[in-house]
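Q: just a sequence and a predicted model for now, questions to come.
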2 protein chains.
Amino acid sequence: MSQHRHPGAPGRAGAVPALPDLPEATVARLPEYLRALHHLAEAGHETVSSEGLASAAGVNSAKLRKDLSQLGSYGTRGVGYDLGLLIEQIEYVLGLTQCRSVALVGVGNLGHALAGYDGFASRGFRIAALFDADRVRVGKEINGLVVRHVDELPRVAAEESISIGVIATPAPAAQAVADQLVTAGVTSILNFAPCVLSVPDGVDVRKVDLAIELQILSFHEHRKASLTALPVTGGTGLTALPGGLAATDTQEAIGT
Amino acid sequence: MSQHRHPGAPGRAGAVPALPDLPEATVARLPEYLRALHHLAEAGHETVSSEGLASAAGVNSAKLRKDLSQLGSYGTRGVGYDLGLLIEQIEYVLGLTQCRSVALVGVGNLGHALAGYDGFASRGFRIAALFDADRVRVGKEINGLVVRHVDELPRVAAEESISIGVIATPAPAAQAVADQLVTAGVTSILNFAPCVLSVPDGVDVRKVDLAIELQILSFHEHRKASLTALPVTGGTGLTALPGGLAATDTQEAIGT
DNA sequence: CGCGATTTGTGCGCGTCTTCACAAGCGCCT
DNA sequence: AGGCGCTTGTGAAGACGCGCACAAATCGCG
């Protein structure tokens, strides 16, 4: 235990070390920690305490320590965490040590923006191919990539060893595209179309629906409005706090 | 109890009926139910069972019933839910009976796409103003709206009675924009910038980070790859299911 | 060398969310 | 009118996640 044991250090060749089955909530936060770590590293820091990293990531420090402890013991008591080591570990666990190729289907309004989004490349993702079903868009060049027809998906996916598919088509076309992606061997899909995708077992689907986010905010607006309408109920109401409180990720400062 | 009581039917004038304090997880699913309901209504259905609506929304039927029961009793045993009534109720709870005005700050790559996204208008949101700090972009017209300088935000926000602010700026500018939005009286923010926002109490912030979604998928890819590397452990491995299984919202079909 | 300051790692209690299973209620058919 | 099948609404139990609080460990300094 005293010896630093890297459960899955990149140096260890072959024999994948069976990732330690992290809780889903932890996995969802690791990318945020990673971003905060890179930010701190660029600022010149060598180490960081759980408190410092937690505030940079917008989470509770105990939660952060518990999350990191699930990756192994990479901190030093009394000192904190070594930035380089921690970045290396999280990137390994997230599978970012290899550059992953992404296929983007649907270069309409949103797809066009995604194709040009530089946040992907900077995180180790390479948009390897663009597809669309509209013959008008096929052949157009976006950000150095030529839009291909979606029928070419199986062939190109095999050539480029696509590991993630992004669906940015209208909702009616999304299921067919998902089927084609699955047939082409893609086992992870990020879906921006506002619909439920049906995929076989073993395929991961994450959905991002921009309108849903607004509707959730709308609910909270509605609730806040209904509360201020009867200001008698609550205790002191909105007591103006110091104001330095950071809202946690996708969570409102009010309520709890 | 036998009498249908609408806790907050839109007909009831004045005296906001104190929304019944829904669980956050339920609120996050209501928009998905709403979308499925509209879809079913367009298909000509009058009523729907919890099973039918659940599969259309990609969730467990028991969960759906519990979610809807928190709004009140709007189903009929032996029959199901009345589409029209349920749509009306959910829209009321989510605060969608009034059209909400949205201010979009940052009309770069992503912001440009958001400004042209028709999924907002169809859900009752009106993009009322566009802002940017770059003088080059100010004055440009996008989708019938003129881009204004961000300094005009306070004045315009008051004129247009903005209720939600969307931040689509680069990360370094996001905090300053958030501060300006808060100062202008906006209490709900949707943040696309990859950074943590610090806002005073009472302000809701939801964050959407496209790169994080990809990193989560990358983790699952990595895990799946490490599992197939040792095919002895699991039971029968990927037993090809009938294939009609719907993946639940932002949740993978594998695992658990 | 010892001690105190500091920080990590974690056991534990609590609240939330999910799921099962079933009683209660409704409509239809005979 | 009565019974039967179907569906909702909900109690209870289990799983999961969160945050406190503290023991264990490490560094620096006298």
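A: All right, it came through fine. Numbers count the residues shown, from 1 in each chain, chains lettered A, B, ... in the order given.
Q: the worst-scoring helix or strand of chain A on mean pLDDT and chain B in contact?
A: Taking mean pLDDT, DSSP states H and E as the measure, chain A has helix A:118-121 as its least confident helix or strand, at a mean of 88. Yes - using Cβ under 8 Å from any Cβ of the partner chain, helix A:118-121 reaches chain B at A:118-120. For the C-beta atoms, the positions are set from N, CA and C on the backbone; glycine is no exception.
Q: packing partners of that helix?
A: Other elements packing on helix A:118-121 under the criterion 3 or more Cβ pairs under 8 Å, 6 or more residues apart in numbering or on different chains; DSSP states H and E are strand A:125-132, helix B:210-229.
Q: if we can go back for a sec, any of the residues of helix A:118-121 next to chain B buried? List them.
A: Judged by neighbour count, with 16 or more other Cβ atoms under 10 Å in any protein chain shown as the criterion, the buried members of the residues of helix A:118-121 next to chain B are A:119-120.
Q: ok, A:Pro154 touching A:Val182?
A: No - taking Cβ atoms under 8 Å as the definition, A:Pro154 is not a contact partner of A:Val182, at 10.7 Å.
Q: who has more neighbours, the two?
A: Legend: neighbour count by other Cβ atoms under 10 Å in any protein chain shown for A:Pro154 and A:Val182, higher for A:Val182 (19 against 14).
Q: Three-state assignment for the more buried one, please.
A: helix (DSSP: H, G, I helix; E, B strand; the rest coil).
Q: list the residues that contact it.
A: With contact taken as Cβ atoms under 8 Å, 6 or more residues apart in numbering or on different chains, A:Val182 is in contact with A:189, A:199-200, A:203.
Q: next: A:Ala168.
A: Taking Cβ under 8 Å, 6+ apart, we find A:Ala168 in contact with A:104-108, A:110-111, A:114, A:192-193.
Q: spatially nearest residue to A:Ala171, not counting backbone neighbours?
A: Closest residue to A:Ala171 in three dimensions, ignoring its sequence neighbours and counting by Cβ to Cβ, 6 or more residues apart in numbering or on different chains: A:Cys195, at 4.2 Å.
Q: ok, whichever residue of the stretch 151-256 of chain A sits closest to chain B - how many residues close by?
A: Taking Cβ to the nearest Cβ as the measure, the stretch 151-256 of chain A has A:His222 as its residue closest to chain B, at 2.7 Å. Around A:His222 there are 22 other residues, counting by other Cβ under 10 Å.
Q: which of the three states applies to the spatially closest residue to it that is not a sequence neighbour?
A: Here the nearest residue to A:His222 in space, its sequence neighbours aside, is B:Gly95; by Cβ to Cβ, 6+ apart that works out to 2.7 Å. Assigned with three-state DSSP, B:Gly95 falls in the coil class.
Q: from the centroid of chain A, which residue is nearest?
A: Of all residues in chain A, the one closest to the mean position by Cα atoms, centre = their mean is A:Pro31, 6.3 Å from it.
Q: so what does the strand or helix carrying that one touch, helix or strand wise?
A: Following DSSP states H and E, one finds A:Pro31 within helix A:24-42. Using 3+ Cβ pairs under 8 Å, 6+ apart as the contact criterion, the neighbours of helix A:24-42 among helices and strands are helix A:50-57, helix A:61-69, helix A:83-93, helix B:210-229.
Q: closest one to A:Leu37 among those helices?
A: Closest to A:Leu37 of the helices and strands packed on helix A:24-42, according to Cβ to Cβ: helix A:83-93, at 5.0 Å.
Q: circling back to that earlier point, nearest to B:Leu71, of the helices and strands packed on helix A:24-42?
A: B:Leu71 lies closest to helix B:210-229 among the helices and strands packed on helix A:24-42, at 29.5 Å (Cβ to Cβ).
Q: between that closest one and helix A:24-42, how many degrees?
A: Our comparison of helix B:210-229 with helix A:24-42, counting by axes from the mean of the first three to the mean of the last three Cα atoms, to 10 degrees, yields an angle of 120 degrees.
Q: and helix B:210-229, what's buried?
A: B:210-224, B:226-227.
Q: list the helices and strands that helix packs on?
A: Packing contacts for helix B:210-229, counted by 3+ Cβ pairs under 8 Å, 6+ apart, involve helix A:24-42, strand A:100-105, helix A:118-121, strand A:125-132, strand A:164-167, strand A:188-191, strand A:204-207.
Q: could you give the angle of it to strand A:125-132?
A: Between the direction of helix B:210-229 and that of strand A:125-132, the angle (the same axes, to 10 degrees) works out to 100 degrees.
Q: and the angle from helix B:210-229 to helix A:83-93?
A: Computed with the same axes, to 10 degrees, the direction of helix B:210-229 lies at 60 degrees from that of helix A:83-93.
Q: any part of helix B:210-229 near DNA strand D?
A: No - applying Cβ under 7 Å from any atom of the strand, one finds helix B:210-229 separated from DNA strand D by no less than 12.6 Å.
Q: for the record, mean pLDDT for that helix?
A: When pLDDT is averaged along helix B:210-229, the result is 93.
Q: who's in contact with the residue nearest to the centre of chain A?
A: A:Pro31 is in contact with A:94, B:209, B:211-212, B:215-216, counting by Cβ under 8 Å, 6+ apart.
Q: do that again at 10 Å, thanks
A: Applying Cβ atoms under 10 Å, 6 or more residues apart in numbering or on different chains, we find A:Pro31 in contact with A:57, A:90, A:94, A:96, A:123, B:194, B:209, B:211-216, B:218-219.
Q: need the residues of helix A:118-121 next to chain B in JSON lines (columns: distance to B:Thr47).
A: Shown next, in JSON lines, are those (distance: Cβ to Cβ, whole Å):
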{"residue": "A:Asp118", "distance to B:Thr47": "48"}
{"residue": "A:Gly119", "distance to B:Thr47": "44"}
{"residue": "A:Phe120", "distance to B:Thr47": "44"}
